[in-house]
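Peer 1: Have a look at this prediction, sequence included:
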Amino acid sequence: MRQLQLRDAKAQFSALVDAAEQGEASVITRHGKATAVVIGFAEWQRLSNLPSFGDLLAASPLREGDLPPRDAWVPADEVR
C-alpha cells in the first residue's frame, strides 16, 4: 500500500484511481497523518457488505453444550 501526501494525490488522482481499480490501495496523508484511503469500488463493496456479529452467531453451527455455561455473577449494585 503506497502512501502519499494530499498535494501529490491531487496531482496524480487519475493514477490513484487506476491503481485502486487494479487492487492497489493508497493512503493519503495530511500534515504527516493518514487521513484517507483510496480503494477500488469492488473492494469497498466487499468491505461494506460484511455480516454483523449477531448474524454470524445466528448462522454458526453451534449446538447445545458447545459453549460453557454462563457465569451467574451479578454486579453488586444489582443485588437487592
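Peer 2: Sure, I can see it. Numbering: from 1, shown residues only.
Peer 1: I'd like the distance between the residue nearest to the spatial centre of the chain and residue 7.
Peer 2: The centre of the chain sits closest to residue 47, judged by CA atoms, centre = their mean, with a distance of 6.5 Å. According to CB to CB, to the nearest Å, residue 47 and residue 7 sit 27 Å apart. (C-beta placed from N, C-alpha, C; glycine too.)
Peer 1: residue contacts, residue 67?
Peer 2: If you count contacts by CB atoms under 8 Å, 6 or more residues apart in numbering, residue 67 has none.
Peer 1: hang on, it is in a helix, isn't it?
Peer 2: No - applying DSSP: H, G, I helix; E, B strand; the rest coil, one finds residue 67 to be coil, outside a helix.
Peer 1: what are the ranges of the strands in this structure?
Peer 2: 2-5, 26-30, 33-38 (DSSP state E).
Peer 1: Highest mean neighbour count out of the ones you listed?
Peer 2: strand 26-30 (a mean of 16; mean count of other CB atoms under 10 Å).
Peer 1: Other residues contacting that one?
Peer 2: With CB under 8 Å, 6+ apart, strand 26-30 has contacts from 1-6, 9, 16, 19-20, 34-38.
Peer 1: hmm, try it at 6 Å
Peer 2: Under the contact criterion CB atoms under 6 Å, 6 or more residues apart in numbering, strand 26-30 has outside partners 2, 3, 5, 6, 9, 16, 34, 35, 36, 37, 38.
Peer 1: picking that back up, and the closest residue to the residue nearest to the centre of the chain other than its chain neighbours, how far is that from residue 52?
Peer 2: In space, and not counting its chain neighbours, residue 47 is closest to residue 39: 7.8 Å by CB to CB, 6 or more residues apart in numbering. Applying CB to CB, the value for residue 39 to residue 52 is 21 Å.
Peer 1: Sounds good, over and out.
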